[in-house]
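Q: Provided below are the primary sequence and the corresponding predicted coordinates.
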Amino acid sequence: MVDPPGAPAGAPGPGLDEAARPVDRAGGRRGWRPVTRREERPVRDPGVPDQRPPVSPATVLCALLGSPVAHSGSPAMHDAAFAATGRDARYLAFDVSAAGFPAAVRGLAALGAAGANVTIPHKEQALALADEATDRARRSGSANVLAFRDGRVLADDTDGAGFARAVAEAGARLEGAALLLLGAGGAARAVSAAALDGGAAQVWVYNRSPERAVKLARDLDPSGRRVRVLEAGDLGGAVAGADLVVNATSLGLRPDDPSPLAAAPGGWGAAADLWLQARPGTVAVDIVYAPHDTAFLRGARAAGLRTVDGRRMLVWQAALAWEAWFGETGPVDVMAAALDRWLERRRGAGA
């Protein structure tokens with residue numbers, strides 16, 4: 001994962017308060033520029049002593065590419081990890097349009113950047129642009145990590161592995177599990193691939209646009225034995241039979257967003273009624289991390305179920321990205337603490 005789709009960018013204002021957007025250049029080309037919103041610009045995390053040398057020509061660049069990116073906690077996590085480990089590197093977020101994405105990737109490779117995280121809506125395009133890809137990226141059909149080596153682009157997907165680590169930390173098992181997956185975008189593909197690789201017996205997919213869910217099912221399970229696409233009317237039975245229910249949609253990014261269960265059409269009842277059909281051991285997992293307490297999770301808790309928010313998945317996918325960039329796992333505890341501090345500052349600013 002790095003970030004789930006559809007995060008609010010806010011209403012842009014003038015000058016430094018304006019969130020970055022693709023801009024028209026001479027000749028009609030589309031360009032990109034870093035996010036400059038004052039409250040979202042990366043700043044040194046006061047909780048981490050900065051052991052890095054000053055920026056110089058030797059400083060390594062890592063980046064986040066997506067649209068929007070102003071909501072992302074990735075710069076806070078990675079810069080805190082660089083500071084804590086003394087790594088001479090900086091992490092910047094760039095709001096990039098779909099049209100500008102290939103040029104942005106080529107530009108980072110030409111600059112000698114170590115790598116980039118990729119978020120919505122570019123994860124599938126990132127895989128298509130890569131010269132090489134890991135097995136897990138090819139299996140999920142998307143990439144949230146790019147690494148640059150001698151001008152070549154290498155693609156990986158750590159979203160699924162981050163999901164699997166987060167679920168395991170919560171004491172849940174993928175092996176033999178029935179998983180209800182809400183959503184069919186890049187993060188959903190990574191989650192479903194990780195679930196199948198982890199031994200899940202069944203993955204049931206519901207998406208408001210059924211065509212994407214059908215494609216996901218065909219790509220990941222051509223036999224049709226383990227992945228099945230649901231209609232809205234099937235959700236009650238799926239919640240009742242699932243060991244894990246996973247929200248991989250964008251619903252939850254805004255404080256007033258409804259649960260994806262309540263938003264689904266079909267007249268089958270309220271989300272609260274669906275949660276009451278779940279078995280006592282069912283675990284609800286939300287990939288949304290900001291805010292980390294969503295209507296989806298509140299509904300599950302009200303029904304007495306265990307819940308896992310998106311923070312640990314985000315932290316683990318970030319730490320695993322370091323393996324592609326630097327050949328080692330990033331400092332998980334440092335990243336987790338930095339993310340929590342960033343979320344606290346964000347809440348204090350009313351975001």
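A: Alright, I've got the coordinates. Residues are numbered from 1 along each chain as shown.

Q: just the terminal-to-terminal distance for stretch 274-287.
A: 20 Å (CA to CA, to the nearest Å).

Q: now do stretch 303-322
A: Across stretch 303-322, first to last residue, CA to CA, it's 38 Å.

Q: and the contacts of stretch 144-155?
A: Under the criterion CB atoms under 8 Å, 6 or more residues apart in numbering, residues 1-2, 105, 108-110, 112-119, 123, 126-127, 129-134, 137, 143, 156-159, 186, 190, 317, 320-321, 324-325 lie in contact with stretch 144-155. Every residue, glycine included, has its C-beta placed from N, CA and C.

Q: so how far is that stretch off the chain centroid?
A: In terms of CA atoms, centre = their mean, to the nearest Å, the centre of stretch 144-155 is set 19 Å apart from its chain centre.

Q: do the same with stretch 127-141
A: 17 Å.

Q: now do that stretch: distance from first to last residue.
A: 7 Å.

Q: buried set for it?
A: Within stretch 127-141, the residues scored as buried using 16 or more other CB atoms under 10 Å are 127, 129, 130, 133, 134, 136, 137, 138, 139, 140, 141.

Q: for residue 229, give the beta-bridge partners.
A: residue 205 (DSSP bridges).

Q: wait, isn't it in contact with residue 215?
A: No - counting by CB atoms under 8 Å, residue 229 does not reach residue 215; the two are 9.6 Å apart.

Q: who has more neighbours out of these two?
A: A direct count of neighbours by other CB atoms under 10 Å for residue 229 and residue 215 places residue 229 higher, at 20 against 15.

Q: so how far is residue 87 from the more buried one?
A: For residue 229, the distance to residue 87 equals 44 Å [CB to CB, to the nearest Å].

Q: same check, this time on residue 302
A: 43 Å.

Q: these two: who's more crowded?
A: Neighbours per residue, other CB under 10 Å: of residue 302 and residue 87, the larger number sits with residue 87, 21 against 12.

Q: and the pLDDT at the residue lying closest to that one once chain neighbours are set aside?
A: Once flanking residues are discounted, residue 87 sits nearest to residue 52: 6.7 Å by CB to CB, 6 or more residues apart in numbering. If you check residue 52, the pLDDT there is 78.
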